[in-house]
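Participant: the following block contains a protein sequence and its predicted model.
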Amino acid sequence: MFNGRFEHTIDAKGRVSIPSRFREILSSQYADDRLIVTSFIDPCLIAYPVAEWQALEERVRALPRFDPAVVQLKRLLVSGATECPIDKNGRILIPPVLRQFAGLDREIIWAGMTDTIEIWSKDGWDHMFEQARGPDLPELKEALGKLGL
């Protein structure tokens, strides 16, 4: 499982090192040297191990093809997905369109999300994190309730 937060920098070409803990998980649990990186709703990127992405695609494929919500999901999540090979230095190259979407400029945050990894700009993460710790968030309370907490 991917957990933890790690600060890294992204270079001008869009290359960024994957945290060593995440690389270990990718090699030991997934035996793969690629990530599928995409965007969705939040101003961050989502990195999937290839096996997790393939499982998600199968679930999406099983949904009703002409349902407008499914079409929207495919447009937002699937259409922008990019395979990012991990180079010998443990880095991936994030395409310009994805960097622009997430506002990735220099400092970034890798955030483990159990079976995926989020990639945030440091400023975007700080802003989101401050809001997430707000006093009245019904979504957070609902999630905690589902966990029995």
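Facilitator: Done, it's in.
Participant: and stretch 119-137, how far apart are its ends?
Facilitator: Using Cα to Cα, to the nearest Å, the end-to-end distance of stretch 119-137 comes to 23 Å.
Participant: next one: stretch 104-121
Facilitator: Stretch 104-121 has an end-to-end distance of 5 Å (Cα to Cα).
Participant: what helix or strand does the residue positioned nearest the centre of the chain sit in?
Facilitator: Central residue of the chain (Cα atoms, centre = their mean): residue 46, 1.6 Å from the mean position. According to DSSP states H and E, residue 46 maps onto strand 45-49.
Participant: what lies in contact with that strand?
Facilitator: By Cβ atoms under 8 Å, 6 or more residues apart in numbering, the surrounding residues in contact with strand 45-49 are 26, 29-30, 32, 35-40, 56, 84, 92, 94, 98, 101-102, 104, 113, 115-120. Every C-beta, even on glycine, is put in place using the N, C-alpha and C of the backbone.
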